[in-house]
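**Student:** sequence first, predicted model second:
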Amino acid sequence: MQGVVFVAVCVIGQIYAATTVKPHHHAHESNELDPTLFYYDAASNYLVMKLADNCYLEKFSTHHGINVHTEEGLLAAETRLMFLVSKGTKHPMSHDQVNHLSQHVEHMCAGASVYTVSGAHHHHTTTMAPMI
């Protein structure tokens, strides 16, 4: 009886080993860390995102319909800023200009390249064919 149990355990073990997917190890893969900091400066009304050696600033206004003083609103504003960094228009800004906006923002962006971001403006021109 013990022999039958031993054989059964061996067979189950071989079946499990044959059907188990083993993880692939890629020696060339490296870990990535993308530390991003956000800061809303109430004095200047700018939302700031620091990403690596770059700072991105978006002038915040009430027409966004987002309340940065709630968790959901701040997350929505941060998401919007990330989208603008990815797809919007970026304009370089000097550290003197940043310092005039806010010393807190200048401190956060010290040593970084600074850009203001805005939504890409697409101007579409349509022409109408004459009606016959």
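**Tutor:** On my side now, so go ahead.
**Student:** tell me the secondary structure at the closest residue to Val117 other than its chain neighbours.
**Tutor:** Excluding the flanking residues, the one nearest Val117 by CB to CB, 6 or more residues apart in numbering is Leu84, at 4.2 Å. Where C-beta positions appear, they are placed from N, C-alpha and C, glycine not excepted. Secondary structure, DSSP: H, G, I helix; E, B strand; the rest coil: Leu84 is helix.
**Student:** going forward, the N-terminal residue is numbered 39.
**Tutor:** Okay, using 39 as the starting number, the last item reads as Leu122.
**Student:** quick one, helices of this structure?
**Tutor:** For the chain, the helices defined by DSSP state H occupy 40-57, 109-125, 133-139, 141-146.
**Student:** ok so, going back, and the residue nearest to Val155, what does it touch?
**Tutor:** Contacts of Leu122 were listed using CB atoms under 8 Å, 6 or more residues apart in numbering, and they are 94, 96, 155-157.
**Student:** closest one of those to Tyr84?
**Tutor:** Nearest to Tyr84, judged by CB to CB, of the contacts of Leu122 is Glu96 at 6.7 Å.
**Student:** what's the local residue count around that closest one?
**Tutor:** Glu96 has 22 neighbouring residues, counting by other CB atoms under 10 Å.
**Student:** you'd agree it is up against Val155?
**Tutor:** Yes: with contact defined as CB atoms under 8 Å, Glu96 counts as touching Val155 (5.3 Å).
**Student:** thank you, goodbye.
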